[in-house]
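here is a sequence together with a model predicted from it:
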Amino acid sequence: MRKIFLACPYSHTDAKVIHERFIKCNEVAATIIESGHCVFSQVSMSHPINLAFEGKDSAAIGKLWGPVDAVFMQAMEELIILDLPGWDLSSGIKREIECFKNLGRNVSLWSEVAEQFN
């Protein structure tokens, strides 16, 4: 069983785009689970919780998630990035890539590995 940290771009000025990213991330996480692997889907977990953070901007919310993400990054064996538009601009994804590379763990784009989960 692979232990996968699923990363996805999240922040956007349009709430509709954020919601679409959340839905797509859930779909990919479901695919990974259906294929018999373990996944921590950061956006799937954080999006509903983010809605409860009142009075905080996206930067403040991101700082709250940093230590939580670190725990899950240590526990997972590989990083798969859902390469939706804007993934390469995400500071969170850049941090996640750096962490996994520093740990000597595999980093992949979903578009490169999706066929492994069908």
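Ah, there it is.

contacts made by the host helix or strand of residue 94 with the rest, please.
Using DSSP states H and E, residue 94 sits within helix 91-102. For helix 91-102, the external contacting residues (C-beta atoms under 8 Å, 6 or more residues apart in numbering) are 5, 7-11, 42, 62, 65-66, 69-70, 73, 78-79, 81, 87, 106-107. No exception for glycine: its C-beta is placed from N, CA and C like everyone else's.

avg pLDDT for it?
Per-region confidence: helix 91-102 scores 94 on mean pLDDT.

tell me the first helix or strand C-terminal of that helix.
strand 106-109.

what comes up buried for the helix of greatest length in the chain?
Of all the elements of type helix in the chain, the one with the most residues (DSSP state H) is helix 15-34. The neighbour-count check on helix 15-34 (16 or more other C-beta atoms under 10 Å) flags 17-18, 21-22, 24-26, 28-29, 32 as buried.

out of those residues, the closest to residue 47 would be?
residue 22 (4.4 Å; C-beta to C-beta).

now do the closest one against residue 55, distance only.
From residue 22 over to residue 55 the distance is 21 Å, taken as C-beta to C-beta, to the nearest Å.

next: residue 15.
From residue 15 over to residue 55 (counting by C-beta to C-beta), the distance is 17 Å.

equivalent analysis for residue 18, please.
Taken as C-beta to C-beta, the span from residue 18 to residue 55 is 18 Å.

who does the least confident helix or strand in the chain by mean pLDDT touch, helix- and strand-wise?
Lowest on mean pLDDT, DSSP states H and E among the helices and strands of the chain sits helix 58-75, with a mean of 90. Here helix 58-75 touches strand 3-7, helix 42-50, helix 91-102, going by 3 or more C-beta pairs under 8 Å, 6 or more residues apart in numbering; DSSP states H and E.
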